[in-house]
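1. Mind folding the following:
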Amino acid sequence: MSERNIVARFFAAVWRGANGLRKILHLLLLLFLFGAFLGAMSAGQPQLPRQAALLIQPTGVLVEQLQGDPFDRALAEVLGDAPLQTRVQDVVDALEYASEDDRIKAVHLELSRLGGGSLDKLRRVANALDAFRESGKPVIASGDSLLQQGYYLGVHADELYLHPEGILFLQGYGAYRNYFRDAIELLKVDWNIFRVGTHKSAVEPFMRMDMSPEDRASRSNYIEQLWSMYRQDVVAARGLEEGAIAGYTDDLVERVGAAGGDTAIAARDNGLIDGLMTRMELQERIREYAGEDEDDESLYAAISMGEYVDRMRMLKGERAQDENVAIVIAAGEILDGSQSPGTVGADSTSALLRQALNDESVKAVVLRVDSPGGSKFASEVISNHVIALRGAGKPVVASMSGVAASGGYWISSAADQIVASPSTITGSIGIFGMIPTFQRTLATVGIATDGVGTTPWSGELRPDRAMSDNTKQFVQLIIEDGYDDFVSKVASDRGMEKPAVDSIGQGQVWTGADALSNGLIDQFGDLQDAITVAAELAELDQGEYGEKIIKPKLSPTEQMVLDFLAVMESIGVEPSVFVRSPEPIEVFANQLQKLLAHATRLNDPRGVYAHCFCEIE
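-> Predicted coordinates:
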């Protein structure tokens with residue numbers, strides 16, 4: 001036998017062995033994945049403790065809809081990298097389930113990580129807390145420190161405790177922005193601005209260095225109303241004397257000084273909280289209601305809100321019946337195209353509305369709006385689908401959350417009825433457009449632009465050429481036509497005269513309380529009230545209809561991947577270990593991207609926007 005044949009046979013044997021090993025490893029991998037999948041299915045069976053306290057620990061900002069693609073967000077949650085958000089409906093559902101669940105002996109509302117939320121959302125959670133307390137079970141609220149939003153919820157508990165080293169800080173509401181006119185001029189950028197509306201302030205940062213008198217008056221009006229509502233709610237829930245909150249915030253330095261500089265003692269001595277407790281003391285207090293944890297007797301028996309609400313939804317099943325009121329959420333900026341949840345997309349939101357249109361079990365629709373607006377074109381596309389639902393005999397009720405302004409109002413006005421909270425920010429009926437050009441910037445580094453065209457409009461919208469007067473006039477005509485469309489639409493939808501709409505338009509921002517008196521909404525109420533109104537419009541008998549939330553769903557493959565990761569976590573393999581921590585430069589880049597998001601995300605085909613930059617702090 002030749003040496004060549006021996007070598008060939010040797011490598012062939014090695015290859016056969018390696019190939020066989022590969023097949024065995026593939027088989028083992030498939031068996032592992034199959035076992036993991038079965039484990040995930042069996043792990044999903046509801047198993048609840050015999051006795052426990054429900055731990056509700058809202059994190060980040062209260063939202064109507066969690067932000068991001070469902071699969072990406074679910075994966076980020078498993079890996080511990082999800083945005084800090086808490087969905088209001090999850091808290092409301094958990095409290096509703098727990099009120100009728102004998103295994104839940106108390107609720108521990110831990111508020112240290114709650115960072116934000118509109119007054120409307122806070123009120124929904126507060127109402128759910130009040131309803132839970134009617135069951136006779138206690139709510140114990142606590143915080144290492146308490147910010148304004150957390151304190152609002154805390155006063156609706158039976159007992160409210162602050163850590164001895166903590167701080168209670170109520171800063172009121174404010175509306176502050178950066179202004180860039182001088183920077184724009186320093187960079188020699190021509191920021192061409194087009195708007196209609198004396199109060200349409202979205203463009204002001206690019207043309208001024210301070211807040212205009214009109215914007216100042218509008219913002220002062222609604223933030224003062226919100227702060228008044230906040231104080232009244234807290235005083236009523238806490239049983240404080242009238243003016244107690246105003247007095248505490250106005251005289252904060254004196255009152256903290258009287259407590260020797262200890263903010264926690266100042267909060268206690270002024271009756272804002274029930275007492276000071278360390279974490280260990282708090283555990284002992286809640287153990288009196290819930291009993292000890294099976295694995296650590298120093299802790300109280302607890303089940304987290306996320307785990308509890310997931311399992312209870314599995315036990316209770318869907319709320320849908322043969323006849324349903326569908327709920328479609330429109331939360332975030334309104335943009336063209338298909339967008340992930342947390343942003344309202346012309347195509348993606350319209351697809352959800354079409355799903356409701358084509359679903360024979362859906363007899364009415366509630367459009368839950370929490371949006372400052374955005375693209376005029378996208379708003380109109382969505383509005384057309386609302387009108388199509390009404391044309392098919394399916395009533396639509398717009399339910400306004402924290403904000404439904406500008407484009408958010410555009411898509412709401414098409415509904416049969418509009419239900420809002422007194423604290424909702426709405427209105428801002430106005431239109432704007434902005435087109436920056438950089439020819440002067442380029443000239444400073446020796447770059448010029450020249451050429452020829454076949455019409456006066458050739459090259460007119462290039463960012464490296466100055467806009468001509470004719471082009472500016474042309475764009476302004478488009479903006480004015482857009483404003484006329486907006487006013488005409490609201491007048492038609494709301495049964496008002498155009499001059500009346502124009503008088504409350506002009507970009508003016510209103511609270512829900514003002515909007516009711518101005519005819520922009522029909523009644524006060526929360527999401528559940530809107531569902532009731534929609535059912536009445538569809539002539540559905542009380543108790544004879546269900547609720548169907550229409551939302552994007554995970555594909556079977558995506559769900560299997562998440563189930564697999566969940567099984568890994570259940571057997572002690574933490575998925576987050578496979579994710580490296582971002583480098584400092586990545587953290588900086590991510591923050592910069594968020595700052596630029598407003599400018600880079602706007603994508604109206606004609607560059608025309610119905611957007612309210614009406615954030616408050």
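2. Could you use CA atoms for every contact and neighbour count after this?
-> OK.
3. Would you map the strands across the stretch 351-500 of the chain?
-> Taking DSSP state E, counting those that start in this stretch as the criterion, the stretch 351-500 of the chain carries its strands at 362-371, 373-375, 396-405, 417-420, 425-427, 431-437.
4. Between the ones you listed, which one is closest to D604.
-> strand 373-375 (4.9 Å; C-alpha to C-alpha).
5. Just the buried positions in the closest one, please.
-> Buried residues in strand 373-375, counted by 16 or more other C-alpha atoms under 10 Å: 373-375.
6. Reformat these as a markdown table; add pLDDT.
-> Shown next, in a markdown table, are those (pLDDT from 0 to 100):
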| residue | pLDDT |
| --- | --- |
| G373 | 93 |
| G374 | 92 |
| S375 | 93 |
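7. mind putting those in CSV, distance to E281 included?
-> What follows is those, written out as CSV (distance: C-alpha to C-alpha, whole Å):
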residue, distance to E281
G373, 47
G374, 49
S375, 52
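8. and of these, the nearest to Q528?
-> G373 (23.5 Å).
9. In contact with the closest one, which residues?
-> Residues in contact with G373 (C-alpha atoms under 8 Å, 6 or more residues apart in numbering) are 332-334, 379, 404-409, 609-612.
10. Out of those, list just those in helices.
-> The helices, defined by DSSP state H, take in 379, 407-409 from those.
11. Show me the one of the strands of the stretch 351-500 of the chain that comes nearest R219.
-> Closest to R219 of the strands of the stretch 351-500 of the chain is strand 425-427 (C-alpha to C-alpha; 10.4 Å).
12. for the record, mean pLDDT for the closest one?
-> Mean per-residue pLDDT for strand 425-427: 95.
13. what's next to that strand, contact-wise?
-> Contact partners of strand 425-427, identified using C-alpha under 8 Å, 6+ apart, comprise 222, 402-406, 408-409, 505, 507-512, 515, 520, 614.
14. Which neighbours in the sheet does it have, and how are they oriented?
-> Strands adjacent to strand 425-427 in the sheet, as given by DSSP bridges, are strand 396-405 (parallel), strand 509-511 (antiparallel).
15. Pick the most deeply packed of these.
-> strand 396-405 (a mean of 30; mean count of other C-alpha atoms under 10 Å).
16. I'd like to check the angle between that strand and strand 362-371, please.
-> With axes from the mean of the first three to the mean of the last three C-alpha atoms, to 10 degrees applied, the angle from strand 396-405 to strand 362-371 works out at 0 degrees.
17. can you give me the helices for the stretch 201-350 of the chain?
-> Taking DSSP state H, counting those that start in this stretch, the helices of the stretch 201-350 of the chain run over residues 213-238, 244-250, 252-258, 263-269, 279-290, 305-316, 346-358.
18. nope, the stretch 501-617 of the chain is what I meant
-> Shown for the stretch 501-617 of the chain, the helices assigned by DSSP H, counting those that start in this stretch span residues 512-518, 527-537, 556-570, 584-601.
19. So in terms of bridging, what pairs with the nearest residue to I550 once chain neighbours are set aside?
-> The shortest distance from I550 to any non-neighbouring residue, by C-alpha to C-alpha, 6 or more residues apart in numbering, is to V328 (5.6 Å). Per DSSP bridges, the residues bridged to V328 are L367.
20. was I right about V328 contacting I531?
-> No: counting by C-alpha atoms under 8 Å, V328 does not reach I531; the two are 11.4 Å apart.
21. min pLDDT across the contacts of G373, which one?
-> Y609 (71).
22. ok, how many other residues are close to that residue?
-> 30 (other C-alpha atoms under 10 Å).
23. next one: W227
-> For W227, using other C-alpha under 10 Å, the count is 18.
24. Confirm for me that it is in contact with Y173.
-> Yes: contact status for W227 versus Y173: in contact at 6.2 Å, counting by C-alpha under 8 Å.
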